[in-house]
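Visitor: Quick one: sequence plus predicted model below, questions after.
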Amino acid sequence: MRGSESAAPPPPADPYGDDLQLALYVLYELHYLGFAGVPDDLEWDPRLLALRAALEDRFLGALRADVPDVPVEASGTAGQALDALQLEPVGDDGGSLSYFLRDHGTLEQFREYAALRSLYHLKEADPHAWVIPRLRGRAKAAMVAVEFDEFGAGRADRIHARLFADLMTDLDLDTAYGRYVDAAPAEALATVNMMSLFGLHRALRGALVGHFATVEVTSSPASRRLAEALRRMGAGPAAVRFYTEHVEADAVHEQVVRHDVVAGLLADEPWLEADVVFGIRATGHLEDRLAARLLADWRDGRTALCTVRIIPATVGIRP
């Protein structure tokens with residue numbers, strides 16, 4: 001990033017691999033808070049944009065191949081796709097992170113989970129804000145209303161990113177922005193990169209809305225399970241609060257997103273329904289990949305982190 005005149009190298013072969021996902025994450029971060037010592041004007045450097053475009057083509061191509069663009073009339077509407085997300089599994093769901101952490105997870109595993117989720121939650125709602133100028137009328141008003149809550153409804157101490165930092169402090173984790181990027185496997189990076197990919201491209205506004213709706217529909221029940229997990233593990237109130245806040249807020253947000261953001265967008269641009277469904281399914285696809293990676297590591301007694309081993313927690317835990 002510091003002045004190489006060479007042409008952009010060909011993108012790494014594996015669209016879900018560590019090299020491509022880390023490179024894409026770094027390039028996207030230039031559009032958020034950037035990096036110490038990296039000039040701000042590199043955000044729009046043509047060489048970096050060309051490299052980013054090549055990486056995005058590989059990533060988006062893989063998502064479209066793995067989540068095919070089935071015609072909406074043959075596969076169901078966006079509303080039906082969201083309805084399917086609300087179906088709770090019967091019995092123990094062996095593939096769900098929230099179920100595993102609630103029923104079987106250890107405090108150390110939850111700390112790893114929080115470290116990896118910090119890649120998004122320390123900038124929670126920022127990637128979704130890119131879509132606001134691309135919406136109109138009812139969809140825009142509703143999207144802004146939900147984002148207003150995510151950003152603390154005017155109170156800095158209630159910004160959800162701040163609440164997650166409080167959770168990390170409670171769990172004795174480093175709250176520095178980007179601290180755990182090097183520790184994140186590609187599967188974790190991909191979930192955040194997808195948000196930036198959808199958000200930064202106007203052509204993918206429908207996919208971003210589908211992704212956002214998926215987050216809001218699934219957040220409340222998953223947050224309830226994660227709050228129960230933390231209580232079982234003896235975590236402190238700040239850690240639990242982050243998830244109880246989402247249980248209440250996202251139950252309301254779900255209805256707003258379904259009936260105003262998604263429905264409003266499709267009333268204005270009905271041809272985007274297939275894109276909304278794609279965003280819903282792509283989100284599920286990448287979350288399933290992340291869950292499979294973490295659960296495989298934990299069940300085999302391994303850390304899910306790549307380069308950083310979190311020291312055992314000693315702060316904020318009740319006996």
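Guide: Great, that's in hand. Residues are numbered from 1 along each chain as shown.
Visitor: rest of the way, CA atoms for contacts and neighbours
Guide: Fine.
Visitor: Give me the residues contacting stretch 277-289.
Guide: 63, 67-69, 72, 77-78, 81-82, 95, 187, 190-191, 206-211, 213-214 (CA atoms under 8 Å, 6 or more residues apart in numbering).
Visitor: domains of this protein?
Guide: As assigned by automatic domain parsing, the chain contains the domains 18-65, 76-299.
Visitor: Turn those into TSV, columns for mean pLDDT and distance to L305.
Guide: Shown next, in TSV, are the domains of the chain (pLDDT from 0 to 100; distance: least, CA to CA, whole Å):
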stretch	mean pLDDT	distance to L305
domain 18-65	97	13
domain 76-299	95	5
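Visitor: and the ones you listed, which is most packed in?
Guide: Most buried of the domains of the chain, by mean neighbour count (mean count of other CA atoms under 10 Å): domain 76-299, with a mean of 19.
Visitor: From the chain's centroid, how far away is that one?
Guide: Distance of domain 76-299 from its chain centroid, counting by CA atoms, centre = their mean, to the nearest Å, is 5 Å.
Visitor: Please apply the same query to stretch 49-62.
Guide: Centroid displacement of stretch 49-62 relative to its chain, using CA atoms, centre = their mean, is 19 Å.
Visitor: returning to what we had before: just checking, which of the contacts of stretch 277-289 belong to helices?
Guide: Among those, the members found in helices (DSSP state H) are 63, 72, 78, 81-82, 187, 190-191, 206-211, 213-214.
Visitor: What is the nearest of the residues you listed to F198?
Guide: Relative to F198, the closest of the ones in helices among the contacts of stretch 277-289 is L208; by CA to CA it sits at 5.0 Å.
Visitor: which residues of the stretch 1-150 of the chain fall in helices?
Guide: 18-29, 46-66, 72-75, 78-85, 97-103, 107-121, 126-129, 137-150 (DSSP state H, counting those that start in this stretch).
Visitor: Just the C-alphas of the last one, formatted as CSV.
Guide: Coordinates of each C-alpha in helix 137-150 appear next as CSV, following Å, rounded to 0.1, in the frame of the first residue of the first chain:
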residue,chain,number,x,y,z
GLY,A,137,-38.9,6.7,0.5
ARG,A,138,-40.3,4.0,2.9
ALA,A,139,-37.2,1.8,2.7
LYS,A,140,-34.8,4.6,3.4
ALA,A,141,-36.8,6.0,6.3
ALA,A,142,-37.0,2.6,7.9
MET,A,143,-33.4,1.8,7.3
VAL,A,144,-32.3,5.0,8.9
ALA,A,145,-34.6,4.3,11.9
VAL,A,146,-33.0,1.0,12.5
GLU,A,147,-29.5,2.4,12.0
PHE,A,148,-30.3,5.2,14.5
ASP,A,149,-30.9,2.5,17.2
GLU,A,150,-27.7,0.7,16.2
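Visitor: Not counting the next helix or strand after that helix itself, show me its contacts.
Guide: Going down the chain from helix 137-150, the next helix or strand is helix 160-170, by DSSP states H and E. Around helix 160-170, the neighbours that count as contacts under CA under 8 Å, 6+ apart are 114-115, 118, 121-124, 150-152, 156-157, 174-175, 235-242, 315-316.
Visitor: Which strands and helices lie in contact with whatever helix or strand R241 lives in?
Guide: With elements taken from DSSP H and E, the one containing R241 is helix 237-256. Applying 3 or more CA pairs under 8 Å, 6 or more residues apart in numbering; DSSP states H and E, one finds that helix 237-256 contacts helix 137-150, helix 160-170, helix 205-233.
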